[in-house]
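Student: Can you look at this prediction? I've put the sequence above it.
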Amino acid sequence: MSTIRKLASQTVLYGFTYLAARLLNFFLTPYYTRIFTREEYGSVIFIYALITFFNVMYTYGMETGYFYFANKKDNHEQVAGTSLTSLLISSLFFSALLILLSPLLAANMDGGLHTNYIVFAAGILFFDALAVIPFAHLRKEGKSRRFALLKFLNIVLNIALNFFFLGLCPYILKNPGLSVLHPLVNSIYVPDFGVGYVFLSNLISSGIMLLFLWREFKIIPLKLDPQLWKEMFRYSWPILILGFAGMINETLDRILLKWMLVLPPQNMTMKEAMEQIGVYGACYKLSIFMTLAIQSFRYAAEPFFFAQMKDGNNKDVYARMLKYFTFVTSFIFLGVMLFIPVLIKIIGRNFRDAEAVVPILLIANLFLGIFIYMSQWYKQTEKTIYGAYISLGGAAITLLINFIFIPHYGYMASAWATLICYFSMAVVSYFLGQRHYPVNYHIGRISLYLLVAIGFYFLSNVVRNNFFDGWNINAYLFNMILIIGYLVMFLFLEKPSISLKLSGRLK
């Protein structure tokens, strides 16, 4: 039980700071959706979808490769140095190419995009890629507090710069009483730049983050070992394919919406398509509560699982942790959906049209979390090619559904494509994992927690619509009873395990 306790404690630490940082960043959404038009916010969503997609190309699986070889090889500094040097060289090339092509790319991306946006994106990608190995080093060494603190500071700095450029500078210029500051503000602020300050703020904060990582850069030598690099790339390239496929599943819908909504029968203008991206992207943000739990767990779990490779009893730990993981994520789904009228107010009134995608995307991300959890089997058995195959299959599902149904059903097609994709990937990963790295997962209990959460959600809708006449105090009280009932069910079913833990017999 000490291994589970260690993983849980690190997950809580990563999760608390990551949660605080991401929630602060999430609060930019209500800010953006109140100062930008739908089209302008659509540009933000579109560019960040591209950044997320290209980030996979910039890192090409080196983070996972670093964890694997750092635990396998005796010379940890050599592994870190080779990884960092490789990323430095490739990132310089990719960013220089993006900057050179930025005028051409901007000209072919209608809908309010500018060359500067692409230049800033190239810089963000470069800085973030260089930070990957130093942050991975902190995770490997168990320095979760420094890792979490730096991530938190990065987000806070980004938010502060956003408020400075988009809030404080306009306020100073509009206030005659602060005219003494007008020359200074005019020297650094251009009112018409608008959305561009979102990306400029990110670029500055990412650059400063490299300065915060100076301790890690000092101990990682910039030296490339060709033979080691070949071994690492041979291990990592399937993860690159997996990453590309994963980004297709995660972000390509917001990219495809831009061009597919202009086709019949929708026949939207490019401006209208960008507005739909803005609405969909705003409501998509509400799945952050699920994403936070998954990402917090992943940060702690990946180095932990690699460190447990030599433990003969690790499969029992994997099985129990997936059961608890599914309960937590199912509980998050239930909590969000039973109080969605409150949470939806986070985003601007003009951006709430896509509320119907929220439950679909929450369940989709739950299955993504299960897939990420189960991915340990092919990472630890050096069968990463299977991860690439699974993700490519998921990408094919995503592309097929989006291409066929976006012109007819818009962003609802994208939401359902995400759910079908991640569910399929989790199922396939489970069966392949049982063949190559069998783990006795508690499938019955896992299914129960998920199905009861979904069942309670539908029960809430039925009772609310038939007995409470919509959302009122009685509906919220009933939903609170459902939440408490779900927790009681978990405690009742897991009581034997908890009792064994307390008695010290479960090890």
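Tutor: Cool, got the structure.
Student: Flag every buried residue along the lengthiest helix in the chain.
Tutor: For the chain, the helix with the greatest residue count under DSSP state H is helix 226-260. Neighbour counts over helix 226-260 (16 or more other C-beta atoms under 10 Å) mark 228-229, 231-233, 235-258, 260 as buried. Bear in mind the C-beta positions are built from the backbone N, C-alpha and C, glycine included.
Student: Which neighbouring elements make contact with that helix?
Tutor: Helix 226-260 sits against helix 38-59, helix 62-72, helix 76-107, helix 270-284, helix 384-409, helix 411-436, with contacts defined as 3 or more C-beta pairs under 8 Å, 6 or more residues apart in numbering; DSSP states H and E.
Student: how big is the angle separating it from helix 38-59?
Tutor: 160 degrees (axes from the mean of the first three to the mean of the last three C-alpha atoms, to 10 degrees).
Student: for the record, mean pLDDT for helix 226-260?
Tutor: What helix 226-260 shows for mean pLDDT is 85.
Student: same question, stretch 36-48
Tutor: Averaging pLDDT along stretch 36-48 yields 90.
Student: Which residues does that stretch contact?
Tutor: If you take C-beta atoms under 8 Å, 6 or more residues apart in numbering as the criterion, stretch 36-48 is touched by 32-33, 109, 111-113, 117-118, 121, 194-195, 198-199, 254-255, 258, 271, 273-282, 350-351.
Student: Over to stretch 460-467?
Tutor: Here stretch 460-467 makes contact (C-beta under 8 Å, 6+ apart) with 337-338, 470-471, 474-475, 478-479, 482.
Student: and if you look at stretch 413-428?
Tutor: 249-250, 253-254, 256-257, 280, 356-357, 360-361, 363-365, 367-368, 370-371, 374, 390-391, 393-395, 397-398, 401-402, 404-406.
Student: What residues sit buried inside that stretch?
Tutor: Buried, per 16+ other C-beta under 10 Å, within stretch 413-428: 413-426, 428.
Student: what about that stretch, average pLDDT?
Tutor: 95.
Student: so what's Ile332 up against?
Tutor: Ile332 makes contact with 289-290, 293, 362, according to C-beta under 8 Å, 6+ apart.
Student: Mind doing that once more with 7 Å?
Tutor: 289-290, 293 (C-beta atoms under 7 Å, 6 or more residues apart in numbering).
Student: From Ile481, how far out is it?
Tutor: 18 Å (C-beta to C-beta, to the nearest Å).
Student: Could you do Leu161 as well?
Tutor: Leu161 is 44 Å from Ile481, where distance means C-beta to C-beta.
Student: Comparing the two, which residue is more hemmed in?
Tutor: Leu161 (19 against 12; other C-beta atoms under 10 Å).
Student: By mean pLDDT, flag the weakest helix or strand of this protein.
Tutor: In the chain, the helix or strand scored least confidently by mean pLDDT, DSSP states H and E is helix 2-26, which has a mean of 60.
Student: tilt between the helix or strand that comes right after it and helix 38-59?
Tutor: Using DSSP states H and E, the helix or strand that follows helix 2-26 in sequence is helix 28-35. Helix 28-35 runs at 150 degrees relative to helix 38-59, counting by the same axes, to 10 degrees.
Student: Might you list the low-confidence residue ranges for the stretch 401-507 of the chain?
Tutor: Along the stretch 401-507 of the chain, the model assigns pLDDT under 70 to residues 496-507.
Student: can we see that at 90?
Tutor: For the stretch 401-507 of the chain, applying pLDDT under 90 flags the ranges 436-437, 439, 467-470, 494-507.
Student: ok, now the stretch 101-250 of the chain?
Tutor: 102-116, 138-156, 192, 194, 234-250.
Student: change it to 80
Tutor: 107-114, 142, 144-145, 148, 238-239, 241-244, 246 (pLDDT under 80).
Student: what about the helices in it?
Tutor: Along the stretch 101-250 of the chain, counting by DSSP state H, counting those that start in this stretch, helices occupy 115-140, 144-163, 169-174, 182-188, 196-212, 214-219, 226-260.
Student: which of the residues in the fourth one are buried?
Tutor: I take that to be helix 182-188. For helix 182-188, by 16+ other C-beta under 10 Å, it's Val185.
Student: cool, the third one as well?
Tutor: Within helix 169-174, the residues that count as buried by 16+ other C-beta under 10 Å are 169, 172-173.
Student: now swap in the first one and tell me
Tutor: Buried positions in helix 115-140, judged by neighbour count with 16+ other C-beta under 10 Å: 117-140.
Student: same check, this time on the second one
Tutor: Within helix 144-163, the residues that qualify as buried are 144, 147-148, 150-155, 157-159, 161-162, counting by 16+ other C-beta under 10 Å.
Student: which helices and strands sit right next to it?
Tutor: helix 2-26, helix 115-140, helix 196-212 (3 or more C-beta pairs under 7 Å, 6 or more residues apart in numbering; DSSP states H and E).
Student: how about low-confidence regions in the stretch 251-400 of the chain?
Tutor: For the stretch 251-400 of the chain, residues meeting the criterion pLDDT under 80 lie at 288, 292-293, 295-317, 376, 379-382, 384, 388.
Student: go with 70
Tutor: In the stretch 251-400 of the chain, residues with pLDDT under 70: 298-314.
Student: Beyond the strand or helix carrying Tyr449, next helix or strand please.
Tutor: Per DSSP H and E, Tyr449 falls inside helix 443-467. The element immediately downstream of helix 443-467 (helix or strand, assigned by DSSP H and E) is helix 473-503.
Student: other SSEs contacting that next one?
Tutor: Helices and strands touching helix 473-503, as assessed by 3+ C-beta pairs under 7 Å, 6+ apart, comprise helix 314-338, helix 443-467.
Student: That one vs helix 443-467, what angle?
Tutor: 160 degrees.
Student: So which bits of helix 473-503 are buried?
Tutor: The neighbour-count check on helix 473-503 (16+ other C-beta under 10 Å) flags 475-476, 478-479, 482-483, 486, 490, 494 as buried.
Student: With distance to Pro265 added, can I get the buried residues of helix 144-163 in CSV?
Tutor: Formatted as CSV, the buried residues of helix 144-163 follow (distance: C-beta to C-beta, whole Å):
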residue, distance to Pro265
Ser144, 51
Phe147, 49
Ala148, 48
Leu150, 49
Lys151, 44
Phe152, 47
Leu153, 48
Asn154, 44
Ile155, 41
Leu157, 45
Asn158, 40
Ile159, 41
Leu161, 42
Asn162, 38
